[in-house]
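1. Provided below for reference: sequence and predicted model.
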Amino acid sequence: MKIVVCIKQVPDTEAEVKWDLQKGTLKREDMDSVTNPFDEFALEEALLTKEKYDAQIVAISMGPEKAADVLRNAFALGVDEVFQITDPALAGSDTLGTSYVLAKAIEKIGDADVVLCGKQATDGNTGIVASELATRLGYSQLSFVGKIVEIDEASKKIKVERGIEGGREVVEAKLPAVVSVLKGINEPRLPNLMGIRKAAKIQIPVWDTNEIGAAKEKAGVEGAAIKVIELTTPPPRSAGEMLSGDVEEVGNLLVEKLLDLKVIK
């Protein structure tokens, strides 16, 4: 069985967020970066599946040169192969461009049985790349997965539990499949010292658009269906107003102010 895991490097949400207001983009080069937290669950699920079914894991990441860090971390955890897709033409890609490039990379890798993704990325928070990826590849789509129940290689089927409003549902689908997993499906592990040392020495294969057979006009800013027209910072908050008096007086004042502001009618 071959599992492909899509992982992304994102800005550390605990660090200061910096924006390029003119370009309408994050200043990623000026910010600390980490593996997308949701992708950590996808990566751990791949490792658990490997232990259960003796699978081969390939991790891929689309991003700038420093995105190699997340692939080294994946390799340190036990991934068998890693590939980075980077090209100046990919700058500014939206979800359509990203799913297109990832699909091309997965086709180049070949023979994927399961493609694992996190539910969403913490920078864009769209949560639709996995669905677009499944559509482009023609694979079964399984979203909001809280548990992989069983993978039957012989009959090419996968059974999962999906989180739905008010409960869970068990779904069976044909392989190959794109599976996007929920936070909490497992407990992501940390790499050991031996894995870190091994990962530090590997030469990560880097693919550009030509090597994966991707048309540059379908990715990056040129191919983006969504374009940022303007980016502005919110105005500073004004000082709040303190109301004093007994409970009845304060209640009446509050109601009057909410009526004036048309918050209530």
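-> Everything's here; your move. Numbering: from 1, shown residues only.
2. what does the helix or strand harbouring Ala130 contact?
-> Assessed by DSSP states H and E, Ala130 sits inside helix 129-137. With Cβ atoms under 8 Å, 6 or more residues apart in numbering as the test, helix 129-137 has contacts from 6, 95-96, 98-100, 102-103, 106-107, 115, 117, 119, 121, 139-141, 143, 176-180. All C-beta spots, glycine's among them, are computed from the backbone N, C-alpha and C.
3. dump it to PDB, restricted to CA.
-> C-alpha atoms of helix 129-137 as PDB (Å, rounded to 0.1, in the frame of the first residue of the first chain):
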ATOM      1  CA  VAL A 129      -8.100  21.700  -1.000                       C
ATOM      2  CA  ALA A 130      -8.600  18.000  -0.200                       C
ATOM      3  CA  SER A 131     -12.000  18.000  -1.900                       C
ATOM      4  CA  GLU A 132     -10.500  19.700  -5.000                       C
ATOM      5  CA  LEU A 133      -7.700  17.200  -5.000                       C
ATOM      6  CA  ALA A 134     -10.000  14.200  -4.900                       C
ATOM      7  CA  THR A 135     -12.000  15.700  -7.900                       C
ATOM      8  CA  ARG A 136      -8.800  16.400  -9.900                       C
ATOM      9  CA  LEU A 137      -7.500  12.900  -9.300                       C
END
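4. rewinding a little: show me which of the contacts of helix 129-137 are buried.
-> Taking 16 or more other Cβ atoms under 10 Å as the criterion, what is buried in the contacts of helix 129-137 is 6, 95-96, 98-100, 102-103, 106, 115, 117, 119, 121, 139-141, 143, 176-180.
5. go through these and flag which are in strands.
-> 6, 115, 117, 140-141, 143, 177-180 (DSSP state E).
6. what's near enough to touch the residue most central in space within the chain?
-> Per Cα atoms, centre = their mean, the C-alpha nearest to the average position across the chain is that of Ala121, at 3.4 Å. Counting by Cβ under 8 Å, 6+ apart, Ala121 makes contact with 8, 10, 36, 38-39, 129.
7. the same query, at a cut-off of 10 Å, please.
-> Taking Cβ atoms under 10 Å, 6 or more residues apart in numbering, we find Ala121 in contact with 6-10, 36-39, 95, 98, 127, 129.
8. please enumerate the helices of the stretch 51-200 of the chain.
-> Taking DSSP state H, counting those that start in this stretch as the criterion, the stretch 51-200 of the chain carries its helices at 68-77, 95-109, 129-137, 193-201.
9. nearest to Thr209, of these?
-> For Thr209, the closest of those is helix 95-109, at 7.3 Å, according to Cβ to Cβ.
10. how far off centre is that closest one?
-> Relative to the centre of its chain, helix 95-109 is centred 14 Å away, using Cα atoms, centre = their mean, to the nearest Å.
11. pLDDT (mean, whole number) over that helix?
-> Average pLDDT, helix 95-109: 95.
12. same question for stretch 217-236.
-> Rounded mean pLDDT across stretch 217-236 is 77.
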